[in-house]
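**Student:** Pasting the sequence and the predicted model now:
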Amino acid sequence: VQLQASGGGLVQAGGSLRLSCVASATIYGINAMGWSRQAPGKQRELVASISGGGTTIYADSVKGRFTISRDNAKNTVYLQMNSLKPEDTAVYYCARSWKSSASLSSGDYNYWGQGTLVTVSS
């Protein structure tokens, strides 16, 4: 497995979760990493990305509530999700970009992990 996401679960609205994604050393490198999500009946969307140098960008829907970070010593990317809302319910996927700069464009990602389900109850 090259990208392994974990940390999903059931949480009440207003609560927090932290997702983790461990990447194999062969693909981690200095590439940008991202988190995307897909809610039932909706298209997958990139919600957060971090460049190889640590610059971050966010979708408007999560800005101010979610924080992406990376620990290069552990080949791991995190997504801290606070103030969760029912509309955040989705399967969350981590991904690796072929670029080093952060991006919210799915076309810039060439590796995708298995998802982890986040359910936010009202």
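**Tutor:** Okay, I see it. Residues are numbered from 1 along each chain as shown.

**Student:** And the residue nearest in space to the middle of the chain, what's its pLDDT?
**Tutor:** Closest residue to the average C-alpha location of the chain: Trp35 at 2.1 Å, with Cα atoms, centre = their mean. In this model, Trp35 is scored at 98, pLDDT.

**Student:** And for the one 4 residues further on?
**Tutor:** In the prediction, the pLDDT value recorded for Ala39 is 95.

**Student:** Next up, the contacts around the nearest residue to it once chain neighbours are set aside.
**Tutor:** Excluding its sequence neighbours, the residue lying closest to Ala39 (Cβ to Cβ, 6 or more residues apart in numbering) is Ala90, at 4.2 Å. Backbone N, C-alpha and C define where each C-beta goes, glycine included. Taking Cβ atoms under 8 Å, 6 or more residues apart in numbering, we find Ala90 in contact with Arg37, Gln38, Ala39, Pro40, Lys42, Leu117, Val118.

**Student:** I'd like those residues written out as TSV, with neighbour count and distance to Ala102 added.
**Tutor:** As requested, those are exported to TSV (neighbours: other Cβ atoms under 10 Å; distance: Cβ to Cβ, whole Å):
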residue	neighbour count	distance to Ala102
Arg37	24	17
Gln38	14	20
Ala39	14	23
Pro40	7	27
Lys42	10	23
Leu117	11	25
Val118	22	22
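
**Student:** and those, which of them are in strands?
**Tutor:** Among the contacts of Ala90, the members falling in strands (DSSP state E) are Arg37, Gln38, Leu117, Val118.
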